[in-house]
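Engineer: pasting the structure only:
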């Protein structure tokens, strides 16, 4: 049995500095993704998306562990892309207008065939409303600025502004969607201790 810790192998992407904004080159990676819209704190569709993503990710993990590959690895953290048709809604706090892609990265050896097999197996065992919305596809983010933020969502603003200021000061422009990576279990960790990677693609 081979054991792999992808978060350690991808330390530059998943363990940035808390003190300094840094530039990273994010490689092409494969993700399970579900799109939606609405306030993530109250939208049932968001909670359904997370349940489907985690359930399928763990189903895939155990199929890999017990299958021919015999690789044991930790499921990667939840990630989110966030945007709105009117980006001022991010500043005004109108989360009902937010759009999102909830996603979890998958190892390179996870194939599309394995994902479909896991979806069928999961669907037979459990009713997951968001399972039909799930897709498996690559995401190529490229050059990004990022930093580690520790604290509740409500106080992220200054850290996000700091990342944006860094991008402008370096002669670049923001490109793509606001990206967050949730390293803490938000259900079991106190909000003031949440560890969140704040990432913004740039060009």
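Structural biologist: Received, thanks. Remember, predicted model here, so these are calculated numbers, not experimental data.

Engineer: going by C-alpha atoms from here, please, whenever you check contacts or count neighbours.
Structural biologist: OK.

Engineer: what domains does the record give for the protein?
Structural biologist: 16-27+141-203, 30-139 (automatic domain parsing).

Engineer: select, out of the ones you listed, the one closest to residue 2.
Structural biologist: domain 30-139 (4.8 Å; C-alpha to C-alpha).

Engineer: ok, residue 168 to residue 175 distance?
Structural biologist: Distance, residue 168 to residue 175, by C-alpha to C-alpha, to the nearest Å: 12 Å.

Engineer: how much space between the nearest residue to residue 46 once chain neighbours are set aside and residue 193?
Structural biologist: Leaving aside its chain neighbours, residue 46 sits nearest to residue 40 (5.7 Å; criterion: C-alpha to C-alpha, 6 or more residues apart in numbering). Distance, residue 40 to residue 193, using C-alpha to C-alpha: 19 Å.

Engineer: wait, doesn't residue 164 sit right on residue 175?
Structural biologist: No - counting by C-alpha atoms under 8 Å, residue 164 sits too far from residue 175 to count as a contact (10.7 Å).

Engineer: dump the domains of the chain to TSV, plus mean pLDDT and distance to residue 3.
Structural biologist: Output for the domains of the chain, formatted as TSV (pLDDT from 0 to 100; distance: least, C-alpha to C-alpha, whole Å):
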stretch	mean pLDDT	distance to residue 3
domain 16-27+141-203	96	20
domain 30-139	93	5
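
Engineer: which SS state does the most centrally placed residue in the chain fall under?
Structural biologist: Central residue of the chain (C-alpha atoms, centre = their mean): residue 79, 1.1 Å from the mean position. Secondary structure, DSSP: H, G, I helix; E, B strand; the rest coil: residue 79 is strand.
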